[in-house]
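# this is a predicted model, with the sequence first.
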Amino acid sequence: MSHESEFKYFENMAHWSFDEYGIHEVCLTDWDLYGLLKSYAGPDSRILDLGTAGGEKILEFFPDCAEILGTDYSPSMIDTARANLAASGRKNISFKVMDNLNMDVPEGHFDIVVARHTCTDPVQILKCLKPGGHLLIRGVDKHDCWNLKLIMGGGQGWNEPVPVSIVDYENVLKAGFADVELVPIHTREYFKDRETFKTFLEAVPILIDVAIEGSPLDDDLLDRYIAANTVNGMIVLYRRYYGLTARKPVS
Ligand SMILES: C[S@@+](CC[C@H](N)C(=O)[O-])C[C@H]1O[C@@H](n2cnc3c(N)ncnc32)[C@H](O)[C@@H]1O
């Protein structure tokens with residue numbers, strides 16, 4: 001997907017919510033982004049959330065502290081985030097439009113940078129962190145829903161020569177971060193019926209280039225996947241994410 005069409009995709013998703021799909025999620029591993037964030041943050045912390053979308057994760061999971069800035073390159077997402085903030089009554093939180101790849105934030109300012117399911121430039125992130133500051137990334141890995149992608153013949157990450165988790169890991173090390181750890185995250189998502197599952201797949205980027213930008217989702221292939229991956233009446237998606245922690249060296 002081109003940079004421009006990805007931007008348009010997110011601009012049109014400013015009011016997205018996954019609640020309507022009634023997904024039951026089971027996590028098989030124990031890397032917990034928000035648990036780590038709470039363990040690193042204190043009342044004086046300054047936190048930057050890159051690719052914040054409508055700020056939903058900040059408002060629900062980020063701890064109260066001195067400053068939280070949420071940024072996104074989509075102006076519609078930032079409008080939604082500001083409306084969500086006003087309704088929440090939370091303090092010390094602001095949002096602004098910013099491209100993660102062309103960051104416009106003060107140097108050496110933040111204690112923690114969070115980037116969940118968005119792109120990053122570790123060199124620019126390192127600059128805006130205080131010495132000793134933490135970077136927390138969670139991403140969708142190449143082999144996310146791989147058994148579905150094999151049946152469909154493509155999807156997000158299909159043509160990546162190196163999984164994005166490894167690219168991130170190498171770039172974070174190369175930027176000069178210390179204490180870099182890359183951890184796989186495995187979850188299973190259960191869907192109650194075919195219609196909900198199909199609507200979900202047509203709305204999210206998992207099958208990008210196959211079911212969103214290209215032709216509509218192929219019903220025969222979908223049925224083949226469902227037949228092979230239904231457990232106790234529920235359709236299962238095998239999700240593969242990754243968590244990455246790193247720290248800016250003190251000197
Ligand atoms: C999948 S959503 C993740 C939202 C949120 N972080 C979460 O975990 O729910 C990805 C977000 O990253 C934003 N995004 C993608 N590329 C970006 C870029 N280059 N600069 C800033 N934001 C970007 C999109 O607009 C979208 O809101």
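All right, it came through fine.
# the ligand contacts on the stretch 51-200 of the chain?
Contacts of the stretch 51-200 of the chain with the ligand, taken as Cβ under 6 Å from any ligand atom, map to 51-53, 57, 72-74, 77, 99-101, 116-119. The way it works is simple: take the backbone N, C-alpha and C, and place the C-beta from them, glycine included.
# what comes up buried for stretch 92-105?
Within stretch 92-105, the residues scored as buried using 16 or more other Cβ atoms under 10 Å are 93, 95, 98-100, 103, 105.
# tell me which of those residues is nearest to Arg138?
Of all these, Arg138 sits closest to Asn100, with 14.3 Å by Cβ to Cβ.
# return the residues in contact with the spatially closest residue to the closest one that is not a sequence neighbour.
Closest residue to Asn100 apart from its sequence neighbours, by Cβ to Cβ, 6 or more residues apart in numbering: Leu50 at 4.9 Å. Contact analysis of Leu50 by Cβ atoms under 8 Å, 6 or more residues apart in numbering lists 71, 100, 113-115, 118, 120, 125.
# out of the residues you listed, list just those in strands.
Counted as lying in strands by DSSP state E, out of those, are 71, 113-115.
# now the residues you listed in CSV, with pLDDT?
Converted to CSV, the ones in strands among the contacts of Leu50 look like this (pLDDT from 0 to 100):
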residue, pLDDT
Thr71, 98
Val113, 98
Val114, 98
Ala115, 98
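# give the next helix or strand downstream of the one helix or strand Ile137 maps to.
Using DSSP states H and E, Ile137 sits within strand 129-140. Using DSSP H and E, the helix or strand that directly follows strand 129-140 along the chain is helix 146-152.
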